[in-house]
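J.: next input, structure requested:
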Amino acid sequence: MRTVYREKRYYCGEYLDVYIFPTFETGRRSSGGRRKRKPSSAAQKKLNQRHREEKLARLLHTNFTPEDLEIHLTYTVQPESDEEAARHLRNYIRRIQRLRKKRGLPPLKYIVVTERGKKGGRIHHHITVNGGIDRDELESLWGLGYANSRRLQFTENGLAGLAHYITKSPVGYKAWNASKNLVDPEPKTRDGHISARQARELARDTTDNREFEKLYPGYFLADAGAFHNDVNGGVYLVARYYRQDGKFIKPNKKGRSRK
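T.: The predicted structure is shown next:
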């Protein structure tokens, strides 16, 4: 069985997400071969959540900047149903859209997540929107409870922390809803650029920035992780980088970016 490592790269604004994993070229499986084992339901749930957070982070990095805002909305009187909460949220978004049109601003870009607190708790909304309207004015448009907003805070790891925070317990079958004018980055894929030996060496020490950064000149490593699959013997790597000449994070005295 021949193993080829595939590299999948997502260019998301000033960030680069990289996934490196094995693909296997096989013929007919012999009678002594091992069958693939499905992950446990708990492991699959954790993996699905990780994929949701990573995809949301890519959307945020591609479509928003520090000039844009995150808004958190709560209710004084809780909606009687999820449908009622969704209606309140749609009306709020429409009010923002009308105001932007009245001011001659570019169309609204948004990502919204509706969550419920632990143990069937209170419904609240998280919205990321493009800038152009004063924060106080945006907050006043809600009118159904507490509203708080701030400019997006980019770190070396981008908005991964925000993506994790707002997708803990989404309401409904979709983790989030978004405007149709967002750019969803497509991956660039290539096989064989990373050898199996190189993947194993990288996996041994995911804190060795120098080796990871050699792979992608012009980028600093923000975070990296590795997983060894005991079933197929493969190494799986995931890493996030940020541009060395990026505008979102100021360099420190050593020339590296800081949080």
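J.: tell me the centre residue of this structure?
T.: When Cα atoms, centre = their mean is applied to the chain, the residue found nearest the centroid is residue 57 (1.8 Å).
J.: quick one: what helix or strand has that residue in it?
T.: For residue 57, the host element (DSSP states H and E) is helix 41-63.
J.: tell me what that helix is packed against?
T.: When contacts are defined as 3 or more Cβ pairs under 8 Å, 6 or more residues apart in numbering; DSSP states H and E, helix 41-63 packs onto strand 2-12, strand 15-25, strand 110-116, helix 160-166. Where C-beta positions appear, they are placed from N, C-alpha and C, glycine not excepted.
J.: which strands and helices sit next to the following helix or strand past it?
T.: Remark: after helix 41-63, the chain's next helix or strand is strand 69-73, criterion DSSP H and E. Where contact means 3+ Cβ pairs under 8 Å, 6+ apart, strand 69-73 is packed against strand 123-129, helix 135-140, strand 147-151.
J.: of the ones you listed, which stretch is the most buried?
T.: Neighbour counts (mean count of other Cβ atoms under 10 Å) averaged over each of those peak at strand 123-129, with a mean of 23.
J.: and the residue lying closest to residue 115 once chain neighbours are set aside, how many neighbours?
T.: Of all residues not flanking residue 115 in the chain, residue 169 sits nearest, at 5.2 Å (Cβ to Cβ, 6 or more residues apart in numbering). By the measure other Cβ atoms under 10 Å, the count of residues near residue 169 is 13.
J.: ok, residue 169 - contacts?
T.: Applying Cβ atoms under 8 Å, 6 or more residues apart in numbering to residue 169 gives the contacts 115, 116, 117, 118.
J.: show me how to select, in PyMOL, the buried members of those residues.
T.: In PyMOL syntax, the buried subset of the contacts of residue 169 is picked out as below (16 or more other Cβ atoms under 10 Å):
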select buried, resi 115+116
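J.: the helix-or-strand element of the chain with minimal mean pLDDT versus strand 15-25: what angle between them?
T.: When the helices and strands of the chain are compared on mean pLDDT, DSSP states H and E, helix 41-63 comes out lowest with a mean of 85. Taking axes from the mean of the first three to the mean of the last three Cα atoms, to 10 degrees, one finds helix 41-63 and strand 15-25 inclined to each other by 130 degrees.
J.: buried stuff in helix 41-63?
T.: 52, 53, 54, 55, 56, 57, 58, 59, 60, 61, 62, 63.
J.: next, the angle strand 123-129 makes with that helix.
T.: Using the same axes, to 10 degrees: helix 41-63 against strand 123-129 is 40 degrees.
J.: from the chain's centroid, how far away is helix 41-63?
T.: Per Cα atoms, centre = their mean, to the nearest Å, the displacement of helix 41-63 from the mean C-alpha position of its chain is 6 Å.
J.: what residues does that helix touch?
T.: With Cβ under 8 Å, 6+ apart as the criterion, helix 41-63 contacts 10, 12-15, 17, 38-39, 109, 111, 128, 152, 158-160, 162-164, 166-167, 175-176, 178, 182-185, 238.
J.: again, but for stretch 109-121
T.: Contacts of stretch 109-121 (Cβ under 8 Å, 6+ apart): 56, 59-60, 63-64, 68, 82, 85-86, 89, 93, 96, 122-130, 166-172, 175-179, 181-182.
J.: also stretch 79-97?
T.: 73, 75, 107-108, 110, 112, 114, 123, 125, 127, 129, 133, 138, 141-142, 144, 171-172.
J.: next one: stretch 216-226
T.: Taking Cβ under 8 Å, 6+ apart as the rule, stretch 216-226 contacts 15-16, 18, 156-158, 160, 202-203, 206-207, 209, 212-213, 235-245, 256-257.
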